[in-house]
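Asker: Build me a structure from this.
(chains A and B)
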There are 2 protein chains.
Amino acid sequence: MGSSVPRRRFLQAAAAAVWVPTSVKGFTPDDLDPMTQDDVLQADVSKWELDTPALLVDLDAMESNLARMQSVVSSNGIASRPHAKTHKCPQVARLQIQSGSVGICTAKVSEAEVMLEHGIENVLMTTSNVTPFKIERAMGLRRWHSGFVQATDTPENARDLSDAAVAAGVTADVVVDVDPGGRRTGITPGRPALELAQLVDTLPGLRLAGMLCYDGGSQHVAGFAARRTQTLERLAPAVETCESMRRAGLNTEIFSGGGTGTYNIDHENAGLTDIQVGSYVFMDAQYLAIGGESDDEVYSDFQPSLTILTTVLNSQYEGRATTDAGAKSCTINRPWPIVKGETGMSYTSGSDEFGSLRYEDPSRIYRTGDKLELIVSHCDPVVNLYDRMYAVRGDRVEAIWRIAARGMSA
Amino acid sequence: MGSSVPRRRFLQAAAAAVWVPTSVKGFTPDDLDPMTQDDVLQADVSKWELDTPALLVDLDAMESNLARMQSVVSSNGIASRPHAKTHKCPQVARLQIQSGSVGICTAKVSEAEVMLEHGIENVLMTTSNVTPFKIERAMGLRRWHSGFVQATDTPENARDLSDAAVAAGVTADVVVDVDPGGRRTGITPGRPALELAQLVDTLPGLRLAGMLCYDGGSQHVAGFAARRTQTLERLAPAVETCESMRRAGLNTEIFSGGGTGTYNIDHENAGLTDIQVGSYVFMDAQYLAIGGESDDEVYSDFQPSLTILTTVLNSQYEGRATTDAGAKSCTINRPWPIVKGETGMSYTSGSDEFGSLRYEDPSRIYRTGDKLELIVSHCDPVVNLYDRMYAVRGDRVEAIWRIAARGMSA
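Answerer: Numbers count the residues shown, from 1 in each chain, chains lettered A, B, ... in the order given. A predicted model of the protein is given here:
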């Protein structure tokens, strides 16, 4: 993954002009962390003035990604329901809804709590809640938020949900989570899934809202054709399940699936209503490497908008420099972060505290105190390391957004 | 690293009785996060009742580690100055000081701010501050905290520090950071380091407090003999530098180095005063695998005290189970987390949201809703994912400690 040639080509392509679909509101007090001083936005702050390591989101690139996704799903007759596990940031969720998404997804009940508290009304939690404590929290959410939908993948769990809903005096909206073959989460498609849907439909505390089938294992398959073949094959049993649910008179208003890697393939699954795309909003080195429909080498459908600003701490040894962004700022996911705008150097973040810059054919040498920008390796876990992100347009910091669901893994 | 045999032997060994050197005070309001409700400690809470994923520290094991470290460094005529980058937790730093450590280290100025604010008086920042913003923050710390010492590794930086100290009206205590050969941070030992020490000694805003040389590259070398040979060889030029500083009449009251992997070797370096041990307090799968002086297979000098509590979300597929602790709760460091008390199964956390349990020769099968405990892969970046840790004795939760410097990478 990630040889230097596609990176170079990508970085050239990233200079193209973008269409800005909506004005960005800027931060609100609710998005700020009241515990620290440095959230107060000053006028005309350049990103290069920020203390580092800092997480930046390029607004032009992100808005281009939002517009592109909306345009493609609309023309394919489906919708997007972006996964907030990627950004954990209410302000990004708000922009997704404004751009046309029908709601968002969350992986954890604590993420759902944060998003609903911040005014995001339609939240589909894609993981089953299995303990009494979490089920009680989920029902507490449902009591106040009619747009909260949760997943279930066993008859036992559906009964537990129904009992808790009855006890809480609510009717909980539930989708059946169907396994695409990874045997990780979800129930087996076909009869087991159909019977679970029928059970949900009859339980007193629940309302069947449809199903979901997330094919995570296909999202990073390299090459568009191979990715398409694999995901359509893996989704086929779920498509049949959806059809049998429909024939049985069950509600299939939601059939959610897909992801950033298959966003322009997923509509081929009959009955699928929306896609749980996450990374498209930020992109990362992992997705750049998978190739796209029109570009085999670089997945250039979306622009990398998420970067890490870092400072050189030591430049006294030849052929290299040490920066302040290591594994605690970048994770150790591969491919390693890409130095933005530089093709003749590589970056590694294997050390906890320090990044390592090595020169091959550098256009310039970075000196102690210099700053550089990194395209992230894998956006989801990187975002989860930071409490806030700086929203920048060009070099100017336009807003500071709190990553309010950071660390919400429970 | 990490074959199942040493793991099994380790887990048996971990059952041995431990000496408890000090009573643990429990949490104080200052250690709690005022933004959330769930920090309020209830009486007689079992760790098995905690919502998951949760980070736990076993007090008996941690206290045993503190006592062991203090006993060994004392008998070797040196001191410990534990690195707070590992725990980022003021309460753990307090216990280290209570157990006899002469101070703590931090990697970042933001970590130093947190520790000093929480009453830890002696803080050595081991990374150079190179930007005007960070240098100003460091001088602000020095104004109020006489026990704050910072590192420098170039003459230019020493002059910048001195200018900022003079401007702030303080005399800043500085140690020279000497490179053990990794060419990552620190100045070259010998004449360059000596001249830098002499410069620091003459600059008006600075007071030379000694030197440091952190041999990070030797800490995880497998096998005690190989580790000893390598680190003594790599430290030799720093030892000579220290001696030449002493002969030149310079202050060498601090010569800090070492780490958890070499804690019982570092005193062989003449002039070394204290060791920057970090992981010993928690241990992890990475350190278990390096072997010790008395045990070639398992590094059993210290006990793993840090674990992640996780819940099984899906157990409907044979030979495996899916849990709620993936990469965002465990990192993707190798070796993978070890399931505590279980030898016939393996755990992977490569997926962002989900952990994967695979059975080989299981003593039991975990069912949906069951909880299990994981010995962490690499303690430093794991701690950095959580806002708090639960301090447990046996099964009982004794305190909740805020990881106040979590995310402080700047």
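Asker: and the residue in the stretch 151-300 of chain A that chain B sits nearest to, backbone torsions?
Answerer: Residue of the stretch 151-300 of chain A nearest chain B, by CB to the nearest CB: A:Arg183 (4.0 Å). All C-beta atoms are positioned from the backbone trio N, CA, C, and that covers glycine. The phi and psi values for A:Arg183, taken as degrees, to the nearest 10, are phi 50, psi 40.
Asker: how about it, what does it touch?
Answerer: Counting by CB atoms under 8 Å, 6 or more residues apart in numbering or on different chains, A:Arg183 makes contact with B:Tyr317, B:Arg320.
Asker: 10 Å - rerun?
Answerer: Applying CB atoms under 10 Å, 6 or more residues apart in numbering or on different chains to A:Arg183 gives the contacts B:Asn314, B:Gln316, B:Tyr317, B:Glu318, B:Gly319, B:Arg320, B:Thr322, B:Ser356.
Asker: Now, of these, which are buried?
Answerer: B:Asn314, B:Gln316, B:Arg320, B:Thr322, B:Ser356 (16 or more other CB atoms under 10 Å in any protein chain shown).
Asker: Format those residues as TSV; extra columns: pLDDT.
Answerer: Formatted as TSV, these follow (pLDDT from 0 to 100):
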residue	pLDDT
B:Asn314	98
B:Gln316	97
B:Arg320	97
B:Thr322	98
B:Ser356	98
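Asker: what's the closest non-adjacent residue to A:Leu349?
Answerer: If you look again at residue A:349, you'll see it is Ser, not Leu. A:Cys330 (3.6 Å; CB to CB, 6 or more residues apart in numbering or on different chains).
Asker: So out of everything in the stretch 301-410 of chain A, what residue is nearest chain B?
Answerer: A:Tyr317 (3.9 Å).
Asker: what does the stretch 51-200 of chain A have sitting close to chain B?
Answerer: Residues of the stretch 51-200 of chain A that fall close to chain B, judged by CB under 10 Å from any CB of the partner chain: A:51-54, A:85-86, A:88, A:107-111, A:126-134, A:137, A:153-154, A:156-157, A:160, A:177, A:179, A:182-188, A:192.
Asker: okay, now A:Ser294: neighbour count?
Answerer: For A:Ser294, the neighbour count with other CB atoms under 10 Å in any protein chain shown is 10.
Asker: just the one 5 residues further on next, same as before
Answerer: A:Tyr299 sits with 25 neighbouring residues when counted by other CB under 10 Å.
Asker: ok, it touching A:Tyr287?
Answerer: Yes. Counting by CB atoms under 10 Å, A:Tyr299 touches A:Tyr287, with 5.3 Å between them.
Asker: Can you work out which residues contact both of those two?
Answerer: A:His220, A:Thr260, A:Gly261, A:Ser279.
Asker: Measure how buried the third one is and give me the count.
Answerer: In this case it means A:Gly261. 28.
Asker: In the stretch 251-400 of chain A, mark out all the helices, start to finish.
Answerer: Shown for the stretch 251-400 of chain A, the helices assigned by DSSP state H, counting those that start in this stretch span residues A:285-288, A:327-330, A:379-383.
Asker: Run through who's touching the first one.
Answerer: Pointing back at helix A:285-288 there. Around helix A:285-288, the neighbours that count as contacts under CB under 10 Å, 6+ apart are A:1-2, A:6-7, A:10-11, A:219-220, A:259-261, A:279-280, A:297-302, A:304, A:333-338, A:374-380.
Asker: Quick one: distance of that helix to the chain centre.
Answerer: 13 Å (CA atoms, centre = their mean, to the nearest Å).
Asker: For it, list the C-alpha coordinates in CSV.
Answerer: Output in CSV follows, covering the C-alpha atoms of helix A:285-288 (Å, rounded to 0.1, in the frame of the first residue of the first chain):
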residue,chain,number,x,y,z
ALA,A,285,-3.7,7.2,3.7
GLN,A,286,-5.5,3.8,4.0
TYR,A,287,-8.3,4.8,1.7
LEU,A,288,-6.1,6.7,-0.8
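Asker: So for it, mean pLDDT?
Answerer: Averaging pLDDT along helix A:285-288 gives 98.
Asker: repeat for the last one
Answerer: Predicted confidence along helix A:379-383 averages 98 (mean pLDDT).
Asker: That helix vs chain B: in contact?
Answerer: Yes. Legend: contact between helix A:379-383 and chain B by CB under 10 Å from any CB is shown at A:Asp380, A:Pro381, A:Val383.
Asker: mind giving me a markdown table with the contacts of A:Arg183 and columns for distance to A:Val92?
Answerer: Output for those, formatted as a markdown table (distance: CB to CB, whole Å):
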| residue | distance to A:Val92 |
| --- | --- |
| B:Asn314 | 29 |
| B:Gln316 | 34 |
| B:Tyr317 | 34 |
| B:Glu318 | 39 |
| B:Gly319 | 38 |
| B:Arg320 | 34 |
| B:Thr322 | 27 |
| B:Ser356 | 29 |
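Asker: got the domain boundaries for chain A?
Answerer: Per the record, chain A has its domains at A:4-58+A:299-402, A:61-288, by automatic domain parsing.
Asker: Go through the helix or strand harbouring A:Ala93 and flag the buried ones.
Answerer: Following DSSP states H and E, one finds A:Ala93 within helix A:90-98. Residues of helix A:90-98 classed as buried by neighbour count (16+ other CB under 10 Å): A:Pro90, A:Gln91, A:Val92, A:Ala93, A:Arg94, A:Leu95, A:Gln96, A:Ile97.
Asker: quick check, nearest of the residues you listed to chain B?
Answerer: The closest of the buried residues of helix A:90-98 to chain B turns out to be A:Pro90 (CB to the nearest CB; 15.3 Å).
Asker: gap between the closest one and A:Thr260?
Answerer: Distance, A:Pro90 to A:Thr260, using CB to CB, to the nearest Å: 21 Å.
Asker: Grab the longest helix from chain A for me.
Answerer: Longest helix in chain A by number of residues, with DSSP state H as the criterion: helix A:224-247.
Asker: got the residue ranges for the strands in the stretch 101-250 of chain A?
Answerer: A:104-106, A:123-128, A:148-152, A:172-177, A:206-213 (DSSP state E, counting those that start in this stretch).
Asker: now the ones you listed in CSV, with mean neighbour count and distance to B:Cys213?
Answerer: Formatted as CSV, these follow (neighbours: other CB atoms under 10 Å in any protein chain shown; distance: least, CB to CB, whole Å):
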stretch, mean neighbour count, distance to B:Cys213
strand A:104-106, 29, 47
strand A:123-128, 25, 47
strand A:148-152, 27, 53
strand A:172-177, 27, 54
strand A:206-213, 24, 55
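Asker: can you redo those strands as JSON lines with distance to B:Ser409 and mean pLDDT?
Answerer: Below are those laid out as JSON lines (distance: least, CB to CB, whole Å; pLDDT from 0 to 100):
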{"stretch": "strand A:104-106", "distance to B:Ser409": "26", "mean pLDDT": "98"}
{"stretch": "strand A:123-128", "distance to B:Ser409": "29", "mean pLDDT": "98"}
{"stretch": "strand A:148-152", "distance to B:Ser409": "34", "mean pLDDT": "98"}
{"stretch": "strand A:172-177", "distance to B:Ser409": "36", "mean pLDDT": "98"}
{"stretch": "strand A:206-213", "distance to B:Ser409": "35", "mean pLDDT": "98"}
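Asker: Show me the one of those that comes nearest B:Ser46.
Answerer: Evaluated over the strands of the stretch 101-250 of chain A, closeness to B:Ser46 peaks at strand A:123-128, with 23.9 Å, by CB to CB.
Asker: by how many degrees do that closest one and strand A:148-152 diverge?
Answerer: Strand A:123-128 and strand A:148-152 are oriented at 20 degrees to each other (axes from the mean of the first three to the mean of the last three CA atoms, to 10 degrees).
Asker: Name the strands paired with strand A:123-128 and say parallel or antiparallel.
Answerer: Using DSSP bridges, strand A:123-128 pairs in its sheet with strand A:104-106 (parallel), strand A:148-152 (parallel).
Asker: Now do stretch A:72-80: distance from first to last residue.
Answerer: Separation of the first and last residues of stretch A:72-80 by CA to CA, to the nearest Å is 10 Å.
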